[in-house]
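Engineer: Need a 3D model of the sequence below.
(one chain, ligands or ions: 1)
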Amino acid sequence: MQILTKIDDICRELRKVRLSGKIIGLVPTMGYLHEGHLSLVDVANDNADVVVMSIFVNPTQFAPNEDLARYPRDFARDEKLARERGVDYIFYPESDEMYPAPYFTYVVTEQMAKVLCGVSRPIHFRGVTTIVAKLFNIVQPDVAVFGQKDAQQAIIIRQMVRDLNFPIRIIVAPIVREPDGLALSSRNVYLSSEERAQAPIIYKALSEAKAAVEQDLAEAGQIAGQIRQTILTTPLARIDYVEIVDDRTLQPVKVVEPGTFVAVAVYYGKTRLIDNVYLKER
Ligand code: AMP
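Structural biologist: You can find the predicted model right below:
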């Protein structure tokens, strides 16, 4: 495994790989790796000859009041985990390498960036699409793997790829969870032991909603109401949103149909957790 920090160096290395006819897979991350990230490496290895993982805590997707400075980092550990899991190249640039001053150009998926997490994080998806577009241009992967955990992000990236004609196949891998159902997240380390004990209610509420849909409950308002009620049985929860939306448009639906999923964001203390479950597959 090679670790490259400069854009010129990774471009030079990957040009050789591409010329040898190998398929390149990209797994973009912000590091502090867990089994969720590593499951994406497995998917990338199943779909590509050479796997590039980027590790970059992207400043443009954090608002000034968010957790950029305290976002957890441990490169030595990430390096070991990535190597053991079969990553071929880690791209680990500094901020100045990705955003040399002056920096003016952003990629925005307009409407889609304003809903769900975009309501409380209005600049977040502009930062995500910008950094992912930059990584796509630098790495020029054949395939890129994202997690269903960040459903809105994956849907927005699919839209960006279609809109801007990136010749890249996007694969979305399933959510990896703790045994008690909590979705793995680098941010779970922020949770106090009480918060951590209450947080599995999120997945429980989503699973109950899915079961209710299987029993023929279809009215989105009613389903969302039940999810809210369940989550609020844990006293430390503060709901940011519970939305039942279409997986192509991210627009709310009134009645569950194929492609409908429920997405939630819930605060436990200062920690904002997101999760989602398909209510009906396409
Ligand atoms: P992050 O480092 O949080 O930006 O995440 C990098 C990638 O890993 C994104 O595509 C996430 O959706 C994905 N990811 C994060 N957590 C999980 C999880 N629990 N299961 C599957 N994928 C995940």
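
Engineer: Around the ligand, pick out the residues from the stretch 51-200 of the chain.
Structural biologist: Within the stretch 51-200 of the chain, the residues that sit near the ligand (Cβ under 6 Å from any ligand atom) are Phe146, Gly147, Lys149, Asp150, Ala173, Ile175, Val176, Ala183, Leu184, Ser185, Ser186. From N, CA and C alone the C-beta is placed, and that goes for glycine too.

Engineer: 5 Å - rerun?
Structural biologist: Residues of the stretch 51-200 of the chain that fall close to the ligand, judged by Cβ under 5 Å from any ligand atom: Phe146, Gly147, Lys149, Asp150, Ile175, Val176, Ala183, Leu184.

Engineer: Report pLDDT for the second one.
Structural biologist: According to the prediction, Gly147 has pLDDT 98.

Engineer: can you pull out the strands in the protein?
Structural biologist: Using DSSP state E, the strands found in the chain span residues 2-4, 24-29, 50-55, 89-91, 143-147, 169-173, 237-246, 260-268, 271-280.

Engineer: So which of those is nearest Tyr203?
Structural biologist: strand 271-280 (6.1 Å; Cβ to Cβ).

Engineer: Mind listing residues that contact the closest one?
Structural biologist: Strand 271-280 has contacts (Cβ atoms under 8 Å, 6 or more residues apart in numbering) with 117, 120, 148-151, 175, 182-183, 185, 187-188, 190-191, 195, 199, 202-203, 206-207, 209-210, 213, 223, 240, 244, 247, 256-267.

Engineer: With stretch 249-256 instead?
Structural biologist: So stretch 249-256 is contacted by 111-112, 115-116, 152, 155-156, 213, 217-221, 223, 243-246, 260, 279-280 (Cβ under 8 Å, 6+ apart).

Engineer: just how off-centre is that stretch within its chain?
Structural biologist: Put simply, stretch 249-256 sits 21 Å off its chain's centre (Cα atoms, centre = their mean, to the nearest Å).

Engineer: Among the contacts of stretch 249-256, the buried ones, what's the ChimeraX command?
Structural biologist: To isolate the buried ones among those in ChimeraX, judged by 16 or more other Cβ atoms under 10 Å, type:
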select :112,115,116,152,155,156,213,217,218,220,223,243,244,245,246,260,279,280
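
Engineer: In the protein, which helix is the longest?
Structural biologist: Ranked by residue count and defined by DSSP state H, the top helix of the chain is helix 124-139.

Engineer: I'd like the distance from that one to the chain centre, please.
Structural biologist: In terms of Cα atoms, centre = their mean, the centre of helix 124-139 is found 13 Å from the chain centre.
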